[in-house]
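> 3D model of this:
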Amino acid sequence: MSSRRSAAEWARSQVHAVCDDPAARLELIARTYHGPIGNAPRHLPFRRAALSFMRWQIGRGVLAPLGAMPPGSPWWRAVNERLMRDGCEAVARSGGMCGTPSSHTVDLWMLFVADPTARTWYRAHNASIASAYLDHRDLACTESRPERFFLNVVLLRVLYAHALVAAPRLALGRLAPAGPFLGDPRLSMTGIFLSLSRVLPDRYPLGDDVAAYVAAEHTVGEMLDYGLIGPRLQQLYEWSADELDEPGLLDCICDGSPTYAWSYSDREVWHPASPAVTIRAVRRILPAN
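The predicted structure is shown next:
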């Protein structure tokens, strides 16, 4: 790294070099967890969740070049690039490069660099994701209706995983003591809450209507999304907006219904008229506060 270049400039060049190579994107994300000198043992375990999320995106094809057949997703590519850029910029700054941070999310990544804990990782990771969501709402609106539904599901899932660690009472009610363990990104248990392969189809683009995908959702995912997370959504987004310093997240929820690139008039998809027995059981055992 050359100290004469700003950290933001160096990060942009790193991301630009891999933008049309999904495998190289994965390698770049992995390198950021090794730090500026390739030796960051306290940070390395956190790459488990980050790489799992990346591999899932690559598998779906959303990070493929726009000129590929089929092409990747402009929205997914843009959000992924923001996450890579913030991580690279933090590595560059910790390695001695300077310059004004490109956004407040880089400051949160620097807090993670200084103190690698589950909470600091979630704050940095989810702030980058939330900021990218808000910056690229125009691209989200060009996605198909089923894809836009799932963009909301992805967001609520990552926000909820953060709350397991940092606001366990909100996330789990009476089972709050288990939250930090269940949500720790260094542990495989987090996969239950972040495993998007249980939520989203494994192909892109989607061609069917939302109802077909909702009906096909795995039982575990259905219980999580509609039984456990659903009743907490309004509180979850309000807490996340404050925790991540992203007040724009409040524009992504309305009366407990996600509204990111999604009309509030279509809110019935978030509130099944006849919830399954398992969903009703979860709501009864772990009611929202």
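
> C-alpha only now, for contacts and for neighbours.
Will do.

> where does the stretch 101-250 of the chain have low pLDDT?
189-200, 216-219 (pLDDT under 70).

> quick one, helices of it?
Taking DSSP state H, counting those that start in this stretch to define them, one finds helices in the stretch 101-250 of the chain at 104-114, 118-135, 137-140, 145-166, 168-172, 179-183, 191-194, 210-215, 219-222, 233-243.

> out of those helices, which comes closest to Arg280?
The closest of the helices of the stretch 101-250 of the chain to Arg280 is helix 219-222. By CA to CA, the value is 11.2 Å.

> figure out how far the closest one is from the centre of its chain.
Its chain's C-alpha centre and that of helix 219-222 lie 19 Å apart, by CA atoms, centre = their mean, to the nearest Å.

> can you check stretch 263-280 too?
For stretch 263-280, the distance to the chain centre is 23 Å (CA atoms, centre = their mean).

> which residues sit against that stretch?
211, 222-223, 226-228, 230, 254, 257-258 (CA atoms under 8 Å, 6 or more residues apart in numbering).

> again with stretch 112-132
Stretch 112-132 is contacted from outside by 42-43, 46, 78-79, 82-83, 86, 90, 94, 105-106, 108-109, 111, 155, 158-159, 162, 165-166, 184-186, 243-246, 249, using CA under 8 Å, 6+ apart.

> one more pass at 6 Å, please.
43, 79, 83, 105, 108-109, 162, 184, 244 (CA atoms under 6 Å, 6 or more residues apart in numbering).

> how about stretch 165-181?
Counting by CA under 6 Å, 6+ apart, 163-164, 183 sit against stretch 165-181.

> most neighbours among those, which one is it?
Gly183 (27 neighbours; other CA atoms under 10 Å).

> for Ile229, give its distance to Val154.
Between Ile229 and Val154 the distance is 12 Å, computed by CA to CA, to the nearest Å.

> which one of these two is surrounded by more residues?
Applying other CA under 10 Å to Ile229 and Val154 shows that Ile229 carries more neighbours, namely 21 against 17.

> quick one: the more buried one from Pro205, how far?
Taking CA to CA, one finds Ile229 at 26 Å from Pro205.

> repeat for Arg42
The gap separating Arg42 from Pro205 is 38 Å, by CA to CA.

> which of the two has more neighbours?
Pro205 (18 against 13).

> from Leu151, how far out is the more buried one?
According to CA to CA, Pro205 stands 13 Å off from Leu151.

> ok, now Tyr160?
Distance from Tyr160 to Leu151, by CA to CA: 14 Å.

> those two: who's more crowded?
Legend: neighbour count by other CA under 10 Å for Tyr160 and Leu151, higher for Tyr160 (28 against 22).

> if we can go back for a sec, which of the contacts of stretch 263-280 are buried?
222-223, 226-228, 230, 254, 257-258 (16 or more other CA atoms under 10 Å).

> measure how buried the closest residue to Pro287 other than its chain neighbours is and give me the count.
The shortest distance from Pro287 to any non-neighbouring residue, by CA to CA, 6 or more residues apart in numbering, is to Gly173 (7.0 Å). Residues lying near Gly173 (other CA under 10 Å) number 17.

> nearest residue to Trp76 in space, please, no chain neighbours.
Val62 (6.0 Å).

> columns distance to Leu236 on top of the buried ones among the contacts of stretch 263-280, output as CSV?
Shown next, in CSV, are the buried ones among the contacts of stretch 263-280 (distance: CA to CA, whole Å):
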residue, distance to Leu236
Glu222, 18
Met223, 17
Tyr226, 14
Gly227, 14
Leu228, 12
Gly230, 10
Cys254, 12
Ser257, 11
Pro258, 11
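
> could I get the phi/psi values of Ser274?
phi -130, psi 80 (degrees, to the nearest 10).

> what number of residues lie near it?
For Ser274, using other CA under 10 Å, the count is 8.

> also the one 10 residues further on?
By the measure other CA under 10 Å, the count of residues near Arg284 is 12.
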